[in-house]
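Asks: The following comprises the amino acid sequence and a computationally predicted model.
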Amino acid sequence: MLPIADWRAARLAALTAPDGWLNLVARIELAPGRHPVGAAQAVRLPSGPDLLGTLEITGTGASFARPGEAPQPFLPIPDAFPQLRVDPFLLEIHTVDGIPALRVRDLTLQPAITLRHFPDAPDWTIRAKWKSIAPQASEVAMKDGSKAVVTLTHRATFQHQGKTVALTPTHWKSGKPMFVFRDATAGETYPACRFLFGEDATDSEITLDFNRAISPPCAFTDFAICPLPPPGNILSFRIEAGELAP
């Protein structure tokens, strides 16, 4: 793992990058078909030209054509949704529960943010037990009130104050399990939840470094849709490590 200072610098760089979470200006659900997009169109953007171009969504993908130009396809992005740069925006086809939406990032914005953290807490870097379980489908509540179906395949357990704590990852990113959890610091930390990615997993152990617990995207923008913790990942005790609420 990266040293914590380097990891936090990379975290801040990702948040403020062109495809980060601080420059999102719109998320518009759309049906398949052709849609004129712009500041004065049915798919209305908060800024930019009256007609930016025409978005076409089909069952197999999406493309965008600026006036007088050939359509350009949205391109797949690892661990993200298909994207296409159409200056001054970065456009993204964000699909949730089979419903596509146009998510828009304004590349003219130069957002800045200072992340706050609890003091480093070595005791909250835990080498936990890591066990595969029979795959099971489960519904996860989302912050916008919807639900998503995920497949649970593993569970991490560790000891805290003489009791066994079990955390279940509901998502994976770049091959790492993502734990969505909430603890008794909620309010000081982002109230809905925090995310933690497991590191250095073997067949039987995994590192849970709560100093690297982060606020979810919906802590930074109303245009993100974040999962909420499953019941077993809601903890009654305080984990004074990781990011505080932004």
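Replies: Received it, and whenever you're ready, just let me know what you need.

Asks: can I assume residue 123 sits in a strand?
Replies: No - read with DSSP: H, G, I helix; E, B strand; the rest coil, residue 123 is helix and lies in no strand.

Asks: The residue lying farthest from the centre of the chain in helix, strand or coil?
Replies: Among the C-alpha atoms of the chain, the one most distant from their mean position (Cα atoms, centre = their mean) is that of residue 68, at 35.4 Å. Three-state call for residue 68 (three-state DSSP): coil.

Asks: now it: how far from residue 57?
Replies: With distances taken as Cβ to Cβ, to the nearest Å, residue 68 is found 21 Å from residue 57. C-beta coordinates here come from the backbone N, C-alpha and C atoms, glycine included.

Asks: mind giving me the domain ranges of the protein?
Replies: The chain is divided into the following domains under automatic domain parsing: 4-12+115-233, 23-106.

Asks: pLDDT (mean, whole number) over the strand or helix carrying residue 93?
Replies: Assigned by DSSP states H and E, residue 93 falls within strand 89-96. Mean pLDDT, computed over strand 89-96, is 95.

Asks: same question, stretch 129-141
Replies: 96.

Asks: Going along the chain, name the helices of this protein.
Replies: 4-16 (DSSP state H).

Asks: need the contact list for the most centrally placed residue in it.
Replies: For the chain, the residue nearest the mean C-alpha position is residue 217 (5.1 Å; Cα atoms, centre = their mean). Going by Cβ atoms under 8 Å, 6 or more residues apart in numbering, residue 217 touches 21, 224, 226.

Asks: Next one: the second one, what pLDDT does it get?
Replies: The per-residue pLDDT reported for residue 224 equals 92.

Asks: Run a quick neighbour tally on it.
Replies: Using other Cβ atoms under 10 Å, the number of residues around residue 224 comes to 17.

Asks: Ignoring the adjacent residues along the chain, who's closest to it?
Replies: Among residues not flanking residue 224 along the chain, residue 217 sits closest, at 3.6 Å (Cβ to Cβ, 6 or more residues apart in numbering).

Asks: contacting residues around residue 118?
Replies: By Cβ under 8 Å, 6+ apart, the residues touching residue 118 are 211, 240-242, 244.

Asks: Please pick the buried ones from those.
Replies: Listed as buried from those are 211, 240-242; burial here means 16 or more other Cβ atoms under 10 Å.

Asks: and those, which two are the farthest apart?
Replies: Pairwise distances across the buried ones among the contacts of residue 118 peak at 10.1 Å for 211 and 240 (criterion: Cβ to Cβ).

Asks: Can you check which residues contact both of those two?
Replies: Common neighbours of residue 211 and residue 240 (criterion: Cβ under 8 Å, 6+ apart): 118, 121, 124.

Asks: if we can go back for a sec, got a pLDDT number for the residue nearest to the centre of the chain?
Replies: 96.

Asks: and if you look at the one 4 residues further on?
Replies: Residue 221 carries a pLDDT value of 95.

Asks: Make 24 the first number, not 1, from now on.
Replies: Let's use 24 as the start, then, which means that last one is residue 244.
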